[in-house]
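1. pasted the sequence and its predicted model underneath.
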Amino acid sequence: MTLAVTSPLALGRHEVWPPVVLAPMAGITNVAFRTLCREQGGGVYVCEMITTRALVERIPKTLKMIAFAPDEDFRSLQLYGVDPDVTAAAVRMVAEEGLADHIDLNFGCPVPKVTRRGGGSALPWRRRLFGRIVRQAVAAAAPAGIPVTVKMRKGIDDDHLTYVEAGLIAQEAGVAAVALHARTAQQRYSGNADWDAIATLKQALDVPVLGNGDIWEAADAMRMVAHTGADGVVVGRGCLGRPWLFADLSAAFAGTPSQALPTLGEVAAIMARHARLLVQALEDERHGCADFRKHVAWYLKGFPVGGDLRRSLAMISSLAELEDLLGKLDPEIPFPPESLGQPRGRINAPGKVSLPYGWLDSRDDDTVPDGAEMDDSGG
Ligand SMILES: Cc1cc2nc3c(=O)[nH]c(=O)nc-3n(C[C@H](O)[C@H](O)[C@H](O)COP(=O)(O)O)c2cc1C
């Protein structure tokens with residue numbers, strides 16, 4: 001297949017090659033997982049979502065979540081906000097205290113507790129409020145030269161699409177790029193991402209457009225870029241339990257496609273390392289091991305590993321226990337080809353989008369929605 005992207009992704013004064021972004025994923029893309037992914041290839045590796053309110057209030061848990069590794073030279077932070085002033089205060093804090101090199105604004109979250117209050121994927125519908133948030137964030141980031149991007153969905157549902165207008169508003173506000181997860185909020189993670197919508201957005205904007213949704217293999221990234229003309233790709237669930245996907249992505253963008261197919265022994269070594277990095281990041285062995293449990297099924301997907309061993313691995317509470325159980329795996333087992341190209345992670349059913357009363361009736365009401373600022377981060 002011909003290589004459709006040959007130039008780096010420009011984000012402000014930064015040039016990113018390959019034009020690949022690890023999608024922010026709450027509870028996943030912490031410093032431990034980012035470290036594993038970054039070792040595999042180039043790109044932007046976005047941290048877990050941080051709420052603007054929690055950041056400006058300096059909630060200790062939130063301040064811990066914005067930890068970056070010493071060698072993370074392009075520190076990418078995703079912020080969630082609904083209030084232009086609070087968002088600007090959070091961005092100012094990031095800029096003045098040198099907390100990150102890139103800020104992504106989250107307008108894609110479909111979780112009912114968020115949309116019910118008018119946040120996340122519900123917000124771009126209120127286009128004036130959306131514009132104010134993005135403009136104020138860009139203005140607050142500008143003195144430090146920090147590029148701001150937005151990440152959004154197609155809209156609330158097929159009857160309330162917002163992505164082209166929101167993309168134009170964000171561009172006008174001065175964002176460095178726009179990422180589109182090509183589903184509506186109503187779809188959640190169901191069905192297929194609508195890559196045609198990414199192509200439509202690319203046609204409409206001058207700033208770089210990043211395509212997101214259903215990249216399970218590096219070849220999918222190439223297909224998406226060829227299909228849409230996108231300037232880069234954002235990869236989420238495809239790398240769950242597979243940080244080496246970023247090596248495949250780097251190779252594909254370099255024009256020398258290859259596919260890492262680690263044996264079970266090699267996967268076990270990465271699992272052990274992931275758990276150790278989590279323990280280090282969370283400064284607590286039990287906590288780190290508990291956090292690692294959610295990754296076990298993803299790492300073992302498709303491998304012939306018995307139910308008892310899988311269950312035990314998903315209940316570990318110490319690194320010694322993990323090492324002991326990993327030692328029971330047959331290291332020679334090859335990577336299961338049938339698990340390639342398959343969805344992993346969330347694939348939940350579509351659902352009605354909860355919205356504040358009267359939300360759809362006025363697109364130009366820019367009142368800050370009540371109670372939509374979450375005071376915790378992650379989600
Ligand atoms: C567990 C999980 C957590 C997520 N958390 C966030 C988040 O905090 N911020 C965000 O913008 N998107 C979040 N997303 C959405 C992803 O960034 C991405 O847009 C989505 O998974 C579609 O891309 P994919 O098909 O490559 O997975 C999350 C997705 C998953 C599966």
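-> Here it is on my side, so go on.
2. what's the burial count for the closest residue to the ligand within the stretch 101-250 of the chain?
-> Going by C-beta to the nearest ligand atom, the ligand is nearest to Gly236 of the stretch 101-250 of the chain, at 2.8 Å. Just so you know, the C-beta spots here come from the backbone N, C-alpha and C atoms, and that holds for glycine as well. Neighbourhood size, Gly236 [other C-beta atoms under 10 Å]: 23.
3. against Val207, how distant is it?
-> As for Gly236, its distance to Val207 is 21 Å (criterion: C-beta to C-beta, to the nearest Å).
4. for Gly145, the count of nearby residues, please.
-> Counted by other C-beta under 10 Å, the residues lying close to Gly145 total 11.
5. same check, this time on Ala204
-> 15.
6. name the nearest residue to it, ignoring sequence neighbours.
-> Spatially, and ignoring its direct neighbours in sequence, Ala204 is nearest to Val164 (5.1 Å; C-beta to C-beta, 6 or more residues apart in numbering).
7. contacting residues around that neighbour?
-> Taking C-beta atoms under 8 Å, 6 or more residues apart in numbering, we find Val164 in contact with Thr200, Leu201, Ala204.
8. sorry, back to before: residues contacting the residue of the stretch 101-250 of the chain closest to the ligand?
-> Here Gly236 is in contact with Leu22, Ala23, Met25, Asn212, Gly345 (C-beta under 8 Å, 6+ apart).
9. in three-state terms, label the nearest residue to the fourth one once chain neighbours are set aside for me.
-> It stands for Asn212. Distances taken as C-beta to C-beta, 6+ apart put Val234 closest to Asn212, at 3.7 Å, once the chain neighbours are dropped. Three-state call for Val234 (DSSP: H, G, I helix; E, B strand; the rest coil): strand.
10. quick one: pLDDT of Val234?
-> Note on Val234: pLDDT of 98.
11. same check on Ser377?
-> For Ser377, pLDDT reads 51.
12. out of the contacts of Gly236, which are close to the ligand?
-> Ala23, Met25, Asn212, Gly345 (C-beta under 6 Å from any ligand atom).
13. give me the number of neighbouring residues for the third one.
-> Around Asn212 sit 26 other residues, with neighbours defined as other C-beta under 10 Å.
14. am I right that it is in contact with Val178?
-> No. Contact criterion C-beta atoms under 8 Å: Asn212 and Val178 do not qualify, at 10.5 Å.
15. ok, which stretches of the protein are strands?
-> 9-11, 14-16, 20-22, 44-51, 76-80, 102-107, 148-155, 177-184, 209-212, 232-235 (DSSP state E).
16. show me what the third one is packed up against.
-> Think strand 20-22. strand 44-51, strand 232-235, helix 245-253 (3 or more C-beta pairs under 8 Å, 6 or more residues apart in numbering; DSSP states H and E).
17. same thing with the fourth one?
-> Secondary structure elements in contact with strand 44-51, counted by 3+ C-beta pairs under 8 Å, 6+ apart, are strand 20-22, helix 31-38, helix 60-65, strand 76-80, strand 102-107.
18. do any residues in the third one lie close to the ligand?
-> No. Judged by C-beta under 6 Å from any ligand atom, helix 60-65 and the ligand are separated, with a smallest distance of 11.0 Å.
19. list the buried residues for that helix?
-> Neighbour-count burial for helix 60-65, counted by 16 or more other C-beta atoms under 10 Å, picks out Thr62, Met65.
20. which helices and strands does that helix pack with?
-> strand 44-51, helix 52-56.
21. thinking again about what came up before, so which of the contacts of Val164 is the closest to Arg117?
-> Leu201 (26.4 Å; C-beta to C-beta).
22. low-confidence stretches in this structure?
-> Within the chain, the segments meeting pLDDT under 70 span 1-4, 374-379.
23. great, nothing more from me.
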